[in-house]
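Engineer: show me the folded form of this:
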Amino acid sequence: MAEFIPLTAVEAQPTLPATHTPTPTRPTPKRPAWLKAPAPTGENYKDVRSLMRDLDLHTVCEEARCPNIGDCWNHRTATFLLLGDVCTRGCRYCAIGKGKPAAIDEHEPERVAHAVAHLKLKHAVLTSVNRDDQPDGGAHIFVRCIELIHAYNPDCKVEVLIPDFDGNWAALQMVLEARPDVLNHNIETVPRLFRRFRPRAGFEQSLELLARARAFDANMVTKSGLMVGAGETNAEVLEVMDALRRSDVNVMTIGQYLAPTDSHWPIDRYVTPAEFEMFKREGLQRGFRHVESGALVRSSYHAHEHVANM
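Structural biologist: Prediction:
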C-alpha cells in the first residue's frame, strides 16, 4: 500500500474567477436536437424493469431520471441504487428524494447479486444515496454486495460509485478492502459552484477520497465525473481535470447537466458537441486513460467500455 499524502488546500482547489454564476431566475435555454433521447421501450427494457420491481431494488437510472435508461436497459445493464431511495442530503442538482430514510435493508446485497446473475452482467455498477444517519454511511452494504457478486458471478467486474461518507475514511477503507474493480466518486462541479451545488460536501474532501483510493492500491481503476452547463466556464473544467489528475484519477466522464425540475439548479447553457470533443482531447492530453465526454454521458453510461483495456 502506498503512503497517502493529503493534498494541500492550494493543490486541491485552484483559484477561480467569481464570475458567470447562474441565477434561479435565468430562463432555461431551448433544448438542442443533440440532447434528444428515444423513449424507453423494448422487451429487454420491460424485463429489467420487471426484475427490479420483483426484487424490490432501486436503480439510479429511474431515481435520477437518466436519459439513457432505454439504451442501457435494452442492453441489460443497470446501475443499482443501494441503501434505499431517500437521501439525507439536499444537493440542488439531484432528482433523488430527500428526507429521513427508512432503516437499512441488510438483505439487499443478496437481491442485488441475484439480479446481476439474472442479467448475466459482466460489469455491475453499484451506487447509493447518502446515508449520513449511519455510522459507516452504509459502507458495509457496498462491501457485502461486492463480496456476493464476486462470489456468485466471478467473471463480473464490480464498479462502485460511492458517496463521500462524510469524510469517514474508515468507511472508505472498508469498501477498498472489499476490492472493487473500479472506485468511482463524482466531483460533479467546479470549486466556485461546489458549496451551493452540493451544500454538505466539499471539493477538497472528494479529491482526498480519490487520492486515498489511489494510495491504497496503485492498480485500482479510479474514476470521477463532472456535469457541465451549470454555470462553470470551460477554463474551470480544465482546472478540475488538472485537480483530478493530481489525485491520479484514471477515468473521467463529462456530460450535460439537465435540471430535473424547475425547482432544481438552473441550466446555464447547453454545451456543444465540439466543446465535448475538446474536453475529451484535453483530458487525454493530461493523462487520463479514458475520457467519456458527450451531452448524454453519465458516469455509468457504457461503464464497461471505460475500463475495457485497463
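Engineer: so which elements touch the helix or strand encompassing residue 80?
Structural biologist: Following DSSP states H and E, one finds residue 80 within strand 79-82. For strand 79-82, the packing partners by 3 or more Cβ pairs under 8 Å, 6 or more residues apart in numbering; DSSP states H and E come out as strand 58-59, helix 60-63, helix 108-119, strand 123-128, helix 139-152. (Glycine included, C-beta is placed from N, CA and C.)
Engineer: 10 Å instead?
Structural biologist: Strand 79-82 is packed against strand 58-59, helix 60-63, helix 108-119, strand 123-128, helix 139-152, strand 157-161, with contacts defined by 3 or more Cβ pairs under 10 Å, 6 or more residues apart in numbering; DSSP states H and E.
Engineer: compare those and give me the one nearest residue 305.
Structural biologist: Nearest of those to residue 305, taken as Cβ to Cβ: strand 123-128 at 8.9 Å.
Engineer: hey, where'd the strands end up in the stretch 151-300 of the chain?
Structural biologist: Ranges of strands in the stretch 151-300 of the chain, per DSSP state E, counting those that start in this stretch, are 157-161, 182-184, 221-228, 251-256, 290-293.
Engineer: any residues touching the shortest one, and which ones?
Structural biologist: In other words, strand 182-184. 123, 125-127, 157-162, 172, 175-176, 209-210, 212-214, 216-217, 220-225, 249-251, 253, 299-300, 303-304, 306-307, 310 (Cβ atoms under 10 Å, 6 or more residues apart in numbering).
Engineer: and the helices and strands packed on strand 79-82, which one's lowest on average pLDDT?
Structural biologist: With a mean of 53, helix 60-63 has the lowest mean pLDDT of those.
Engineer: could you list the low-confidence segments of this protein?
Structural biologist: Where the chain drops to pLDDT under 70, the residues are 1-28, 34-49, 51-52, 58-78, 301, 306, 308-310.
Engineer: on that earlier part again, mind listing the strands the strand holding residue 80 pairs with, and their directions?
Structural biologist: strand 58-59 (antiparallel), strand 123-128 (parallel) (DSSP bridges).
Engineer: and of the ones you listed, who's closest to residue 190?
Structural biologist: The nearest among the strands paired with strand 79-82, by Cβ to Cβ, is strand 123-128 at 21.8 Å.
Engineer: can you pull the buried residues of that closest one?
Structural biologist: 123, 124, 125, 126, 127, 128 (16 or more other Cβ atoms under 10 Å).
Engineer: ok, these vs residue 289, which is closest?
Structural biologist: Nearest to residue 289 among those, with distances taken as Cβ to Cβ, is residue 123, at 16.2 Å.
Engineer: ok, the closest residue to the closest one other than its chain neighbours to residue 164 distance?
Structural biologist: Leaving out its chain neighbours, the residue that sits closest to residue 123 by Cβ to Cβ, 6 or more residues apart in numbering is residue 304, at 3.6 Å. From residue 304 across to residue 164, the span is 25 Å (Cβ to Cβ, to the nearest Å).
Engineer: which of the two has more neighbours?
Structural biologist: When residue 304 and residue 164 are compared for neighbours, residue 164 comes out ahead with 22 against 17, by other Cβ atoms under 10 Å.
Engineer: dump the residue contacts of that one.
Structural biologist: Taking Cβ under 10 Å, 6+ apart, we find residue 164 in contact with 89, 130, 132, 137, 171-172, 185-186, 198, 200-202, 205-206, 208-209.
Engineer: nearest to residue 258, of the residues you listed?
Structural biologist: Taking Cβ to Cβ as the measure, residue 186 is the one of the contacts of residue 164 closest to residue 258, at 15.0 Å.
Engineer: for that closest one, what are phi and psi?
Structural biologist: Here is the backbone geometry of residue 186 (degrees, to the nearest 10): phi -80, psi 130.
Engineer: that one: what's it in contact with?
Structural biologist: Residue 186 makes contact with 127, 161-164, 198, 206, 223-227, 253, 298-299, according to Cβ under 10 Å, 6+ apart.
Engineer: how about a cut-off of 8 Å?
Structural biologist: By Cβ atoms under 8 Å, 6 or more residues apart in numbering, the contact list for residue 186 reads 161, 206, 224, 225, 226, 299.
Engineer: for it, which non-adjacent residue is closest in space?
Structural biologist: residue 225 is the one closest to residue 186 (Cβ to Cβ, 6+ apart), at 4.2 Å.
Engineer: what are the bridge partners for that neighbour, then?
Structural biologist: Beta-bridge partners for residue 225, by DSSP bridges, are residue 253.
Engineer: any idea which helix or strand comes after the strand holding residue 80?
Structural biologist: Tracing the chain past strand 79-82, the next element assigned as helix or strand by DSSP H and E is strand 86-87.
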